[in-house]
Each structure stands twice: as C-alpha cells, then as structure tokens.
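K.L.:
A predicted structure for the sequence below; I have some questions about it.
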Amino acid sequence: MEGGFSKGYSWHLKARSTGQAHLSVESYPKPKSRHFKISAAQFAALRQAIIVERFFELGKEYGERVPDGSTRSITITQGTRSKTVSLRFLREGDAKLLEVQRALRVWHLIRNWFNDAKAVDLRPYDRRLLRATN
C-alpha cells in the first residue's frame with residue numbers, strides 16, 4: 001500500500017501459542033518472509049487483552065468500504081472457538097467507536113510484536129481513534 005495515506009505493503013502474521021511466529025510481507029519485487037519468537041509475556045498480554053476487550057463479543061466488521069481502501073483482519077482462535085474481526089476505513093464519528101477502539105487495541109498489541117519498514121503500519125492514523133471518545 002502506498003500513497004498519501006500510508007506507505008508499505010500488505011502483511012500476514014501467523015502466531016502460535018508456542019511463541020513461534022511467521023511474518024510475510026507482500027513487498028515488491030520480491031516478498032519478504034521471516035520467523036521470529038513471541039515472548040511468554042507478549043502472549044500473556046494478548047490473552048489478557050482478549051478478555052478485557054471482550055474480543056469474542058465484537059462484531060465481524062467495522063468501518064466503511066471505500067475505493068482503494070484497505071482491510072485489516074484479526075483472527076484469534078482459543079481452543080474450539082475462533083473469531084475474525086475486519087477493520088476497514090475508520091472514522092471518529094463511527095456510531096460504534098467504543099467497539100472499534102476495543103478491536104484496535106487488540107490489533108495494536110499484535111502489530112507491536114514486530115517492526116518491519118516494508119509492512120504497512122496504520123498505527124499513527126489509528127491513534128486519533130484510540131484517543132477519541134464517543
């Protein structure tokens with residue numbers, strides 16, 4: 001993704017409770033891929049955030065579909081239950097801002113696990129939504 005809004009490429013992260021993680025970045029001309037370890041403390045923070053933010057109670061999709069817009073999806077599986085939440089173009093005036101903030105806090109926690117200049121990073125744009133109140 002590149003333009004006036006943000007720079008970088010789409011990325012996918014798969015993480016297991018064992019701490020093993022695999023990041024793939026759809027960079028051009030050649031995709032990037034790497035493995036890394038997530039600490040026990042980072043996974044504990046995610047487990048806590050899932051509870052505090054009531055991740056499994058969130059809706060399936062937030063935001064608007066816009067031309068050239070992006071979609072961020074978070075899928076979390078715990079035991080036999082699994083939940084995917086998709087985040088599209090988000091605005092401060094969203095009627096469901098409190099729910100959007102809950103989803104963003106989980107997304108940001110996960111995005112903080114790695115730093116890759118080629119992977120699109122929307123955290124700077126999301127911070128205004130995280131500071132906003134409904």
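P.N.:
That came through, no problem.
K.L.:
can we go C-alpha only for contacts and neighbour counts from here?
P.N.:
Will do.
K.L.:
The chain: strands as residue ranges?
P.N.:
Along the chain, counting by DSSP state E, strands occupy 11-15, 20-25, 32-37, 61-62, 72-78, 81-87.
K.L.:
So for Q48, which of those sits nearest?
P.N.:
Between Q48 and those, the tightest spacing by C-alpha to C-alpha is seen for strand 72-78, at 12.5 Å.
K.L.:
And the residue nearest the centre of the chain, what's its pLDDT?
P.N.:
Note on the chain: the residue nearest the mean C-alpha position is W107, at 3.2 Å, using C-alpha atoms, centre = their mean. Listed pLDDT for W107 reads 96.
K.L.:
close enough to count as contact, it and I74?
P.N.:
Yes. In this structure W107 lies within contact range of I74 using C-alpha atoms under 8 Å: 7.0 Å.
K.L.:
which residues are in contact with both of those two?
P.N.:
Common contacts of W107 and I74 (C-alpha atoms under 8 Å, 6 or more residues apart in numbering): none found.
K.L.:
can you put the strands of the chain in JSON lines and add distance to N115 and mean pLDDT?
P.N.:
Shown next, in JSON lines, are the strands of the chain (distance: least, C-alpha to C-alpha, whole Å; pLDDT from 0 to 100):
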{"stretch": "strand 11-15", "distance to N115": "12", "mean pLDDT": "96"}
{"stretch": "strand 20-25", "distance to N115": "10", "mean pLDDT": "97"}
{"stretch": "strand 32-37", "distance to N115": "11", "mean pLDDT": "96"}
{"stretch": "strand 61-62", "distance to N115": "25", "mean pLDDT": "94"}
{"stretch": "strand 72-78", "distance to N115": "17", "mean pLDDT": "96"}
{"stretch": "strand 81-87", "distance to N115": "21", "mean pLDDT": "97"}
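K.L.:
Could you export those as JSON lines, including mean neighbour count and distance to L130?
P.N.:
Formatted as JSON lines, the strands of the chain follow (neighbours: other C-alpha atoms under 10 Å; distance: least, C-alpha to C-alpha, whole Å):
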{"stretch": "strand 11-15", "mean neighbour count": "16", "distance to L130": "22"}
{"stretch": "strand 20-25", "mean neighbour count": "16", "distance to L130": "25"}
{"stretch": "strand 32-37", "mean neighbour count": "13", "distance to L130": "28"}
{"stretch": "strand 61-62", "mean neighbour count": "19", "distance to L130": "14"}
{"stretch": "strand 72-78", "mean neighbour count": "14", "distance to L130": "16"}
{"stretch": "strand 81-87", "mean neighbour count": "15", "distance to L130": "14"}
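K.L.:
Sweet, I'm off.
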